[in-house]
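**Student:** missing the sequence, but the structure's below:
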């Protein structure tokens, strides 16, 4: 089981505009002293493109603060900006990462109960905000993604609140293992179906895994 951690950072944000073409984004978060977690995310937090961000399966983004040192080493030109909150996360902690957090994990943060639904899929907006080419690719390739959570029990959060794992599915895998599986050229279709059945996995991710398994089955049959 994972050790209990303190919530070291809590962030919400309004719409802002990226450098360059001015694309609207909700990545620009500010620290707050408390927030209320609902099934749609933290009250007062905004996402610009609801096709890819937000919603019940991506209600809250949790990112390990220790990753920033590695990102700064990779992109020293942006080191001053690479600090907790800059990648658009809502929650920041030190001590849990993708190697030990698993799909379907349920954990208590203050008064709220959260469930891990999927890793974050980093996109070009990270590159644009920090003005570092291919930074999102580096994050993906090294499984420095953080993760999204659904809110299973709404409640109040605050910096310093205990973050405690309360349950984990019996047959699951870590986020790092899941990222590696998704990167495989031709993974075992049976394994994809098994992962798709993990309790708590985001429904659209599970559907894509089943579709990929069916496509691979077709290749083998052909």
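**Tutor:** On my side now, so go ahead. Given the structure is predicted, the values throughout are model-derived calculations rather than measurements.
**Student:** What segments of this structure are strands?
**Tutor:** Taking DSSP state E to define them, one finds strands in the chain at 5-6, 9-13, 16-17, 24-25, 29-31, 35-38, 41-42, 60-64, 91-93, 106-109, 112-119, 147-153, 155-157, 162-167.
**Student:** Can you pull the poorly scored residue ranges out of the chain?
**Tutor:** 48-53, 222 (pLDDT under 70).
**Student:** Break it into its domains for me.
**Tutor:** 5-169, 177-221 (automatic domain parsing).
**Student:** Please, where are all the helices along the protein?
**Tutor:** 67-74, 124-130, 135-141, 175-183, 189-196, 203-221 (DSSP state H).
**Student:** between these, which gets nearest to residue 102?
**Tutor:** Closest approach to residue 102 among these (Cβ to Cβ): helix 175-183, 6.9 Å. For the C-beta atoms, the positions are set from N, CA and C on the backbone; glycine is no exception.
**Student:** Which residues belonging to the closest one are considered buried?
**Tutor:** 175-179, 182 (16 or more other Cβ atoms under 10 Å).
**Student:** Next: stretch 119-138.
**Tutor:** For stretch 119-138, the neighbour count (16+ other Cβ under 10 Å) marks 119-120, 122, 125-130, 132, 135-136, 138 as buried.
**Student:** Just give me the closest of these to residue 43.
**Tutor:** For the buried residues of stretch 119-138, the nearest to residue 43 is residue 120 (21.0 Å; Cβ to Cβ).
**Student:** Surely the closest one touches residue 144?
**Tutor:** No. Taking contacts as Cβ atoms under 8 Å, residue 120 lies outside contact range of residue 144: 9.6 Å.
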